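Asker: With the input below, show me the fold.
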Amino acid sequence: MSVTALTNTNALRALDDQQMHTSKAGDSIAKLSSGQRITKASEDSSASAIAAQLGSEAKVLMQSKVNASNAISMVQVVTGALSSQRDIYTNLKALATQASNGDLKDSTRLLIDKEFQQQLTEADEIAKDTNWNGLKMLNGGAAATPTLSAVTAANAATGLNASGTSFATAIGAATRGYVNGAVVDGSLVVDQVATGVYHVAFQVGNQVFENKSFTPTNAGEMLFSSTTDSGNILNLTQGAGAAAAMTSVATVKTEFQNFLGLTANTPNAQFQSTSAALTTGVTNVSATSNLTSGEYALSYDNVIGKFKVTGGPDGKAFYSEKIAAAPTAGSTASYNVNGFVVTVDSTFVPGNAGAQMVFNVAKGGTVSVSFQTGSQSGDTVSVDFQDATNVGRNINGLSVTTVANANVAMSTLGRVIDDVSGEYSTLGAKQGRLESTIKNLETSTRNLLSAKANYTDADIAKTLTEFTISNTMAQVANVAISKSLEQTQQLLGLVNKS
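Answerer: Here you go, the predicted structure:
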């Protein structure tokens, strides 16, 4: 092969080899530093795709294991509560056995019954308070379909008594929101905050309504707002002689007691919220199982663009997310409001005010929770928690005040103890299944990760050997380049001699 001054073929070939070996050495370094066999998309793309699928499946199974572990923890919370209830029921049966003995006087049985009722209440509280991340598990849940309550208008409240000319029995038009129940005996509080100005508060149902600056005024209006939800307002009207009749804390309190039926031989005043069709475009209202049974008011506030739910056992108010626009034609949208699911269609107008609907949510009897324990939608384990309240167990009316009542309590509590033991056993078996599920998930995850490693993990010994060879050959190529360039130098020597 001839050697020319312009082209050194040997040097170029050696340079190509040197670049190739350097590139291979670089690839080996990338594999060694990352631990991955595949470090770029151009390398074994099919293996990379398979490894990604295996890795995705393994990650899903790892989350499924967490789900199953959470399920076990939830079951343990419930079984702990059931165990406590069973201990209480056993104590209750012992008290009933004691009360059924013929050597006791009825007065003694009344003393036993006081302890009996306290423990019975505690068993009920355990059921109502047992929860997991806010989900009540032993209260029986809620029926899926709430029913409209048969309610009367607020201005038809009963028990309001016009005392002379201090008050009028009509309820003012400013009454709004959710008000439900009778005025509670002993709840009326009257304090003087300034000359002729009073703080008045009383309880209706489970809400306290107050006016912090009530001033007796002839034919004046009184607005009482709920301390639980300021959106719940009672608008009462004073009579023509209110100013003269209420001049001190004592007279104000007396007049309110008479007006609200808080005196002997008079019915307590009762208030009931109005109910109407909510608003155009609301197609369905349903309840989820974690909603506590009771009466609720559902309304729509067009100022803030949110649905509002108030009422229930605690009287608190809850809001949905803001509704920016109605769904498109032919579609619907659903909004969750503290366990209520409100569905609207395209005819819903967010800017229009809505009326208030009052719903009665019944007990569902069972709270069902489903846990995702696999990669497929059907890979689930469902756990059912029975209603463990006194009403659910049908023991809310038990007493041991007489021998007959004590005998009924003994029989009933024996059945309840058997029921609790059965529920405990069922949940224990479910926990055992979940533990087996976790073991299987661990095995499957380990095997998937092992299979993924076959595709992705670098063989360190092999890769290090390849690096050594490539690095050595790159150095050899450098020497070859140097030798090839010497040929060009020899041509220059011939030129110089000439």
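
Asker: Please count neighbours and contacts with C-alpha atoms only from this point.
Answerer: OK.

Asker: what stretches of the stretch 51-200 of the chain score poorly on pLDDT?
Answerer: 141-159, 161-165 (pLDDT under 70).

Asker: residue ranges of the helices in it, please?
Answerer: Per DSSP state H, counting those that start in this stretch, the stretch 51-200 of the chain carries helices over the ranges 106-129.

Asker: what does stretch 114-127 rub up against?
Answerer: 81, 85, 88-89, 92, 95, 137-139, 387-390, 396, 399-400 (Cα atoms under 8 Å, 6 or more residues apart in numbering).

Asker: With adjacent residues omitted, what lies nearest to T280?
Answerer: F348 (5.7 Å; Cα to Cα, 6 or more residues apart in numbering).

Asker: pretty sure I304 is in a helix, no?
Answerer: No. Checked against DSSP: H, G, I helix; E, B strand; the rest coil, I304 lies outside a helix; its state is coil.

Asker: returning to that earlier point: please verify my assumption that the residue nearest to T280 contacts T328.
Answerer: No. If you go by Cα atoms under 8 Å, F348 and T328 don't touch, sitting 10.2 Å apart.

Asker: ranges for the helices of the stretch 251-400 of the chain?
Answerer: Under DSSP H, counting those that start in this stretch, the stretch 251-400 of the chain gives no helices.

Asker: May I have the phi/psi pair for V400?
Answerer: phi -130, psi 30 (degrees, to the nearest 10).

Asker: what about it, neighbour count?
Answerer: 30 (other Cα atoms under 10 Å).

Asker: Could you identify the buried members of the contacts of stretch 114-127?
Answerer: Neighbour-count burial (16 or more other Cα atoms under 10 Å) applied to these gives 81, 85, 88-89, 92, 95, 137-139, 387-390, 399-400.

Asker: Of F348 and T328, which one has the most company?
Answerer: F348 (18 against 11).

Asker: Looking at the contacts of stretch 114-127, which is nearest A333?
Answerer: Distances from A333 to those, taken as Cα to Cα, are shortest for M137 (28.0 Å).

Asker: That closest one and R415: what is the separation?
Answerer: Counting by Cα to Cα, to the nearest Å, the gap from M137 to R415 is 22 Å.

Asker: mind listing what Q192 touches?
Answerer: 198-199, 248-249.

Asker: pretty sure I233 is touching G172, no?
Answerer: No. Assessed by Cα under 8 Å, I233 is found out of contact with G172, at 10.1 Å.

Asker: how many other residues sit next to the nearest residue to Q270 once chain neighbours are set aside?
Answerer: Counting by Cα to Cα, 6+ apart, Q270 lies nearest to A182, which is 4.1 Å off, once chain neighbours are set aside. By other Cα under 10 Å, the residues close to A182 number 21.

Asker: Tell me if I'm right that A182 and F271 touch.
Answerer: Yes. If you go by Cα under 8 Å, A182 and F271 touch, sitting 6.3 Å apart.

Asker: can you list residues touching both of those two?
Answerer: In contact with both A182 and F271: V204, using Cα under 8 Å, 6+ apart.

Asker: Give me the pLDDT for N232.
Answerer: In this model, N232 is scored at 84, pLDDT.

Asker: ok, now which ones touch it?
Answerer: Applying Cα under 8 Å, 6+ apart, the residues near N232 are 175-179, 225-226.

Asker: Neighbour-wise, which one of those leads?
Answerer: Of these, with other Cα under 10 Å as the count, Y178 tops at 31 neighbours.

Asker: Need the phi and psi values for it.
Answerer: Torsion angles, degrees, to the nearest 10, at Y178: phi -110, psi 120.

Asker: Give me the phi and psi for the nearest residue to A325 once chain neighbours are set aside.
Answerer: Nearest residue to A325, sequence neighbours excluded (Cα to Cα, 6+ apart): P350, at 6.3 Å. When read as degrees, to the nearest 10, the backbone of P350 gives phi -60, psi -30.

Asker: do the same with the one 4 residues further on
Answerer: Its backbone dihedrals place G354 at phi -120, psi 150, with angles given as degrees, to the nearest 10.
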